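Visitor: Fold the following for me, if possible:
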Amino acid sequence: MEKVTIADVNSRMGPAAVKRRLTDALGATDMALNYYELAPGDSLGFGYHSHGAQEEVFYVQTGTVTFETEDGDVAVDAGEVIRFGPGEHQLGTNEGDERATVLAMGAPQDAGELHMVRECPDCGERTEQDIELTEARDAIVTRCVDCGAETGRFD
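Guide: I've put the predicted structure just below:
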């Protein structure tokens with residue numbers, strides 16, 4: 001058995017105001033578990049994406065998170081849960097005016113191949129992306145696979 005206080009787990013860089021990876025803190029081996037706080041405009045991922053081998057479940061604790069999905073946008077309110085199977089594309093974003101909190105669970109822990117797209121201003125369309133840490137290790141950037149343009153920067 002392991003028990004942690006969420007506030008005691010360090011936040012990580014990314015597209016959310018707060019991302020606390022609870023997986024390691026709890027010693028979980030079969031699932032991934034993350035706690036998010038999304039300021040208005042923040043998202044749960046670096047882009048519209050899918051995991052080849054992982055099913056994901058998102059429990060919205062407070063606020064509303066709008067998920068872009070293959071079937072259109074789906075608003076998930078506080079107290080609601082949404083599930084995505086392996087290979088299903090999605091991106092959850094706080095489009096509201098208030099902070100949202102979310103608990104994200106994924107299994108198996110090894111998500112498999114990540115497929116992610118973002119809008120590339122240079123290419124003029126959504127393109128596949130790479131994610132990398134800056135040389136100074138002070139931010140994470142997304143880059144267009146086609147042209148190399150930086151499409152996002154997250155500290």
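
Visitor: Strands along the chain, start to end?
Guide: Assigned by DSSP state E, the chain shows strands spanning 18-21, 32-38, 48-51, 55-62, 64-69, 72-77, 81-84, 90-93, 100-107, 114-120, 125-133, 140-144, 150-154.

Visitor: just so I know, which of those lies nearest K3?
Guide: Nearest to K3 among those is strand 32-38; the distance by C-beta to C-beta comes to 13.1 Å. (Glycine included, C-beta is placed from N, CA and C.)

Visitor: what's the angle from that closest one to strand 55-62?
Guide: 40 degrees (axes from the mean of the first three to the mean of the last three C-alpha atoms, to 10 degrees).

Visitor: Sheet-wise, list the partners of strand 32-38 with their directions.
Guide: Strand 32-38 has the following sheet partners, assigned by DSSP bridges: strand 18-21 (antiparallel), strand 100-107 (antiparallel).

Visitor: before we move on, back to that, I'd like to know which of the strands of the chain is closest to M1.
Guide: strand 32-38 (14.9 Å).
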